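> Here is my input, please return the structure:
(2 chains)
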Amino acid sequence: MLDVASIKKDFPILSKKMRNDGKLIYLDSGATSQKPNIVLEAERRFYSEHNAAVHRGAHLLAEEASEAYEGARATVAKFIGADVEEVVFTKSATESINLIAYSFGNSLPGSRFALQPGDRIVLSEMEHHANLIPWQQLAKRTGAEITWFPVTDQGRLDLSDIDSIISTKTKIVAITHQSNVLGTINPLEALVKRTHDVGAVFVLDACQSVPHFAVDVKKLGIDFLAFSGHKALGPTGVGIFWGKFEHLQSMEPFLTGGSMIESVTMTDATWAPAPRKFEAGVPNMAQAVGLAAALDYLTEIGMDKVEAHEHALTKYALEKFSTLRDVSIIGPTNTQMRGGVISFTIEGIHPHDAGQVLDQHGIAVRTGHHCAWPLMRKMHVVGTTRASFYIYNDTSDIDALIDGIEYAQKYFKV
Amino acid sequence: MQLDSLYQEVILDHYKNPMNKKLSPTYSKEVHHVNPSCGDEITLNVTVEGDLITNISWDGVGCSISQASTSIMSDLLIGKKIDEDFAILENFTELMQSKGTKSGDEEILEDAVALAGVSQFPARIKCALLGWMAFKDATSQALSETEAKG
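Coordinates of the predicted model:
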């Protein structure tokens, strides 16, 4: 396990006094992570020492800002095993996925990314709305159809019909690496292979994986990846879109305007090479720099250690949960291919009420449908309460959660 | 803020034994509302006769606050004149938006004053208003349909 006491000192918010002067037990990193001082300081330093619009201006600050911003891109690239020109800064993972969907939608006829009526986009039933609705909308605009992998009662992807679900009509397969609700980590090998066998591209929603275990885009063999900075100890307002360079070269831009052009006349324009083709406008420089500081911080700890720590916490939590009366886990109950996200329901207590009681004890959890409404319906629940772990959590946080659940059961007399 | 200011006994009673929570097969208008932030859903119908609300019935899933509030609302508003119900609704909405500065007029709101504590929990105000907004919507639609028929 990591030295949580010393890690906690890096996160100022974790010493905040909560209701009734209690301490904060933050179990909502699946929604957003807290930020270490080093990230806050990196953003502050950018503004106080280097702030200028990148890639323009002939002055020293512009030079420093460009260097800091491009340095951040190199850090991100190294973190996910990518080439530097394959990394695009967006404002969020949601924007990253929309970028892909809109870019494909803008493709000229004959492009490998152009969709036609009858083409298929393959998703899964466990997708976050961010990896569902952009594809639904793309399907509506192009006449393509959405098909999907079902989820089993145990919260795993049902891949038994993989060859018929991913067919020769399939153009895009977009699936989450780790479910933000179930904690399930999806096995990608067979999926990526089948995707490429039929000539389609594989998009990975890595929001819940990149912050929690080592992800190497080259080893995974995928085509596109999206993750958000704020779930990886970084600032809000910055996300990453990664794509194989050969794809980025032939893709149409999503947002257009300043910075992303090569040449412009009154009636036409040509595009700068990737990644700048996808970065219209003055970018979120301070946030990119903050994200790089966050990734450096994680690298210093070691992603293998981060993964092992969360694995141990999850094992501990699953054992503790199994002793609770009338509490059901929605998702795998073993630690195999499973991350540190535990969704649960308490018989007779609505998630919102459970969350309220836990909050009274300083325990921050997420409640509701977790932006995965179709999955909620599939699992026959209206919503769940979700605890998610990160490097600053330890077993005492889980003990507090378990006590809080038992208190809620007493309070509501169920 | 203590939990007990939110979860008063009368709220928990209504939650466990909700009133009018069985959809009537006959009605003037039925609506379906959801709270997109938590996924709670309600189907509610009203029966309007002249200027009277003669029945409100509902079904749905939601937290104790939304279920209790809808139960209290239906009991409170059935059998009164539409104008009077809309005035009560206005009064209740103001109470919910009072951020804890009002305790509610028991003469007007009866059991609904038990929900006064909700106004101190911003995330829960929508829960408390879910059923009331469904009532407002259903009744307004019923009235405009009546008017349209002339």
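> tell me the pLDDT at the closest residue to A:Gly348 other than its chain neighbours?
Leaving aside its chain neighbours, A:Gly348 sits nearest to A:Val414 (3.4 Å; criterion: CB to CB, 6 or more residues apart in numbering or on different chains). (Glycine included, C-beta is placed from N, CA and C.) At A:Val414, the model reports a pLDDT of 90.
> Same question for B:Ser5.
Predicted confidence (pLDDT) for B:Ser5: 88.
> if I look at it, how far off is A:Glu319?
B:Ser5 is 36 Å from A:Glu319, where distance means CB to CB, to the nearest Å.
> Surely the residue nearest to A:Gly348 touches A:His350?
No: in terms of CB atoms under 8 Å, A:Val414 does not count as a neighbour of A:His350; the distance is 10.8 Å.
> out of these two, which sits in the busier spot?
A:His350 (26 against 13; other CB atoms under 10 Å in any protein chain shown).
> Can you name the residues that contact that one?
Neighbouring residues of A:His350 by CB atoms under 8 Å, 6 or more residues apart in numbering or on different chains: A:382-383, B:62-64.
> cutoff 7 Å now
For A:His350, the contacting residues are B:62-64, by CB atoms under 7 Å, 6 or more residues apart in numbering or on different chains.
> How about A:Arg156?
Contacts for A:Arg156 (CB under 7 Å, 6+ apart) come out as A:184, A:332.
> so the residue nearest in space to the middle of chain B is in which element?
The residue lying closest to the centre of chain B (CA atoms, centre = their mean) is B:Trp132, at 3.0 Å. Using DSSP states H and E, B:Trp132 maps to helix B:125-149.
> buried stuff in that helix?
If you call a residue buried by 16 or more other CB atoms under 10 Å in any protein chain shown, then helix B:125-149 has these buried ones: B:125-139, B:142-143.
> can you check stretch A:343-355 too?
Quick answer for stretch A:343-355 (16+ other CB under 10 Å): A:343-346, A:349-355.
> in the helix or strand hosting A:Glu246, what counts as buried?
Using DSSP H and E, the element containing A:Glu246 is helix A:245-250. The neighbour-count criterion (16+ other CB under 10 Å) identifies A:247-248 as the buried residues of helix A:245-250.
> can you map out the strands along chain B?
Using DSSP state E, the strands of chain B run over B:29-35, B:40-49, B:52-61.
> possible to save the ones you listed as JSON lines with mean pLDDT and distance to chain A?
What follows is the strands of chain B, written out as JSON lines (pLDDT from 0 to 100; distance: least, CB to the nearest CB, whole Å):
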{"stretch": "strand B:29-35", "mean pLDDT": "95", "distance to chain A": "9"}
{"stretch": "strand B:40-49", "mean pLDDT": "96", "distance to chain A": "7"}
{"stretch": "strand B:52-61", "mean pLDDT": "97", "distance to chain A": "5"}
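> Quick one, which of these gets closest to A:Leu40.
strand B:29-35 (34.3 Å; CB to CB).
> Now do that closest one: everything it contacts.
Residues from elsewhere that reach strand B:29-35 (CB under 7 Å, 6+ apart): B:40-46, B:126-127, B:130, B:133-134, B:137-138, B:141-142, B:145.
> Listing partners with orientation, what would you give for it?
When pairing is defined by DSSP bridges, strand B:29-35 lines up against strand B:40-49 (antiparallel).
> tell me which residues of the partner strand are tucked away?
B:40-42, B:44-48.
> cool, stretch A:86-94 as well?
A:86-94.
> export that stretch as CSV, just CAs?
The C-alpha coordinates for stretch A:86-94 follow below in CSV (Å, rounded to 0.1, in the frame of the first residue of the first chain):
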residue,chain,number,x,y,z
GLU,A,86,-0.6,12.5,-31.6
VAL,A,87,-1.7,14.3,-28.5
VAL,A,88,-4.5,16.9,-28.7
PHE,A,89,-5.6,19.1,-25.8
THR,A,90,-9.3,19.6,-25.5
LYS,A,91,-11.4,21.0,-22.8
SER,A,92,-12.7,17.6,-21.6
ALA,A,93,-12.9,14.0,-22.5
THR,A,94,-16.5,14.7,-23.5
